[in-house]
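Fold the stuff below for me.
(one chain, ligands or ions: 3)
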Amino acid sequence: MDAIVVRRGESSPEIAELPRPDPGPGEVLVRTLRVGVDGTDREVLAGSHGGFPPGEDRLVLGHEAVGVVAEANGTTFEEGDVVAPTVRGPPAAGTDASAADTNEYFARGEPDMAPPDACVERGIDGAHGFMAEYFTSPAEYLVPVPDDLTEWGFLLEPASIAEKALEHASASRSAFDWEPESALVLGNGSLGLLTLAMLDAREYDRLYCLGRRDRPDPTIDFVEALGATYLDSRRTPVPEIPDAHEPMDLVYEATGHAKHAVECVDALAPNGVAALLGVPDSWTFEVDGGHFHEELVMTNKALVGSVNSNVSHFEAAIETLGELPKRLLADLVTGVYGLDEFEAAFGDDTQAGSASDESQSRHDETAIKTAVQLSGT
Ligand code: NAP
Ligand code: BGC
Ligand code: ZN
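Ligands and ions are numbered 1, 2, ... in the order given. Next up is the predicted model:
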């Protein structure tokens, strides 16, 4: 079967011919329909995040997938069921971290809370992903997808990421009467814009999204079509947003720009919360630590980091995506490419530089969300 891989030492994806996998006990064989591409895939290609499976020199890419059960293999699934896989698994047998007592997270159904050395991430870190004509998965890591979401099922993984972060952010505000009205999304990449649409469905009164692009640009059009306000970080740095617009009840960081993790505290209204999702490169810069500390304490602000998601977040994402207008999803997904043109799904500048460098862009700027179509329904 065909698979899209990155080889050690390379930074562009390529097609490899691999044997079709056989499902082991408790595993399901899935025929892959569609796999999405996000900023993390570009980080994996650039070699700045993730890694290869132990002892291997290539990694099958892709962690945002939807597929059809091809062999249920005695599990509760039936052939023809549409499913979306979660991303994390326990480390390979024989490694220290695979010992039962370090895998309490998986036993509890909370792999998203496992520290990095107690898990692998398919298509990202230490395990092959889903960008192949077939993949196998333990049945408990597969989420059934309703028929009307088959086409958009590859968006469930990124939507589940947002569900988890928003759940943890609101949980941090659950000890008092928190009624958020304003939200700011930092980042106009595919995660930021999908989250903006999800926040719009939650009926925030006022939404903002920060980018660093000039018009005309499809991401700015998407922001404005939602009725949200586009902010440009080159003109309005994050700490100046409250004076230029308003202080925010919620900030959702999806740039990977490390300064934003600190600066977002100044964009918050008293009692607000910021969820940090970006995966930054190492970057040393100066911070007024006294101001940062005082602001968090004296105005009851919270900062929440959030990574990955579990089955419950996929289920919440099914509800949320099911209610979003399909027209909105169609505007977000600007390109779905077959195996014969898969490079287009990764954009044409996959070797560009770090997110900490404001002069660099890692995007094909005509695209928002892209995917590879591995087979038809
Ligand atoms: P992406 O497509 O690379 O989007 C990042 C966006 O942020 C880009 O549109 C970029 O603008 C913008 N940006 C970067 N620096 C900026 C700045 N200084 N001012 C304004 N805008 C800036 O990535 P993504 O897929 O949306 O993901 C966003 C981040 O979340 C990435 O770091 C990714 O690794 C991370 N992520 C984390 C999780 C998790 O579980 N925590 C899950 C998925 C993704 P340009 O396009 O103009 O360069
Ligand atoms: C994926 C998550 C993963 C995170 C960190 C994201 O792009 O969607 O599942 O945990 O990257 O590697
Ligand atoms: Zn992702």
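
Neighbours of P216, how many?
Using other C-beta atoms under 10 Å, P216 has 7 other residues around it. C-beta: built from backbone N, CA, C; applies to glycine.

what about it, helix or strand, and which?
Following DSSP states H and E, there is no helix or strand that holds P216.

any idea how far it is from P111?
From P216 across to P111, the span is 41 Å (C-beta to C-beta, to the nearest Å).

likewise A162?
With the distance defined as C-beta to C-beta, A162 ends up 17 Å from P111.

Looking at those two, which has the bigger crowd around it?
Set side by side, A162 and P111 show unequal neighbour counts under other C-beta under 10 Å, the larger going to A162 at 28 against 24.

Okay, and that one sits in which element?
Assigned by DSSP H and E, A162 belongs to helix 156-171.

Wondering if that helix reaches ligand 3 at all.
No - using C-beta under 5 Å from the ion, helix 156-171 never reaches ligand 3; the gap is at least 5.7 Å.

how about that helix against ligand 2, any contact?
Yes - using C-beta under 6 Å from any ligand atom, we find that helix 156-171 touches ligand 2 at E157, I161.

and if you look at stretch 135-145?
No - against ligand 2, stretch 135-145 shows no contacts by C-beta under 6 Å from any ligand atom, the least distance being 11.9 Å.

And that stretch, what's buried?
For stretch 135-145, burial by neighbour count (16 or more other C-beta atoms under 10 Å) applies to F135, T136, S137, P138, A139, Y141, L142, V143, V145.

Show me which residues of this structure are close to ligand 1?
Taking C-beta under 6 Å from any ligand atom as the criterion, the contact residues of the chain with ligand 1 come out as 38-40, 43, 161, 187-192, 210-213, 233, 254-257, 277-279, 306-308, 355, 358, 361-363.

Which members of those residues occur in strands, if any?
Using DSSP state E, L210, G211 are the members of the residues of the chain next to ligand 1 that sit in strands.

Nearest spatial neighbour of T76, chain-adjacent residues omitted?
Once flanking residues are discounted, T76 sits nearest to A139: 6.6 Å by C-beta to C-beta, 6 or more residues apart in numbering.

That neighbour contacts E27, correct?
Yes - judged on C-beta atoms under 8 Å, A139 makes contact with E27 at a distance of 6.9 Å.

any residues in contact with both of the two?
Counting by C-beta atoms under 8 Å, 6 or more residues apart in numbering, the contacts common to A139 and E27 are T75.

What residues does the stretch 151-300 of the chain have near ligand 2?
Residues of the stretch 151-300 of the chain lying near ligand 2 by C-beta under 6 Å from any ligand atom: E157, I161, V279.

so G126 sits in a strand?
Yes - in this structure, G126 lies within a strand as judged by DSSP: H, G, I helix; E, B strand; the rest coil.

how many neighbours does it have?
Here the neighbour count serves as a burial measure; for G126 (other C-beta under 10 Å) it reads 20.

Could you check how many residues crowd around the residue nearest to it when sequence neighbours are not counted?
The spatial neighbour of G126 that comes closest, neighbours along the chain excluded (C-beta to C-beta, 6+ apart), is V120 at 3.6 Å. The tally of other residues near V120 (other C-beta under 10 Å) stands at 25.

Same check on T320?
T320 has 19 nearby residues by other C-beta under 10 Å.

just R234 next, same as before
Around R234 sit 11 other residues, with neighbours defined as other C-beta under 10 Å.

and it, backbone torsions?
The main-chain torsion angles of R234 are listed as degrees, to the nearest 10 and equal phi -70, psi -30.

Same check on I4?
Comment: the main-chain dihedrals of I4 come out as phi -100, psi 120, following degrees, to the nearest 10.

Grab the nearest non-local neighbour of the residue in the stretch 151-300 of the chain that ligand 2 sits nearest to.
Residue nearest to ligand 2 within the stretch 151-300 of the chain (C-beta to the nearest ligand atom): I161, separated by 5.2 Å. Nearest residue to I161, sequence neighbours excluded (C-beta to C-beta, 6+ apart): S309, at 5.3 Å.

what's the burial count for that neighbour?
When counting by other C-beta under 10 Å, one arrives at 26 neighbours for S309.

Please determine how far it is located from D266.
Distance of S309 to D266, computed by C-beta to C-beta: 28 Å.

just E315 next, same as before
Computed as C-beta to C-beta, the E315 to D266 distance reads 35 Å.

which residue ranges form the helices in the stretch 51-200 of the chain?
Defined through DSSP state H, counting those that start in this stretch, the helices belonging to the stretch 51-200 of the chain, from first to last, are 104-107, 156-171, 190-201.

And the residue in the stretch 251-377 of the chain positioned nearest to ligand 3, its phi and psi?
The minimum distance from the stretch 251-377 of the chain to ligand 3, using C-beta to the ion, falls at N308 (8.8 Å). Dihedral angles of N308 (phi, psi; degrees, to the nearest 10) stand at phi 60, psi -170.
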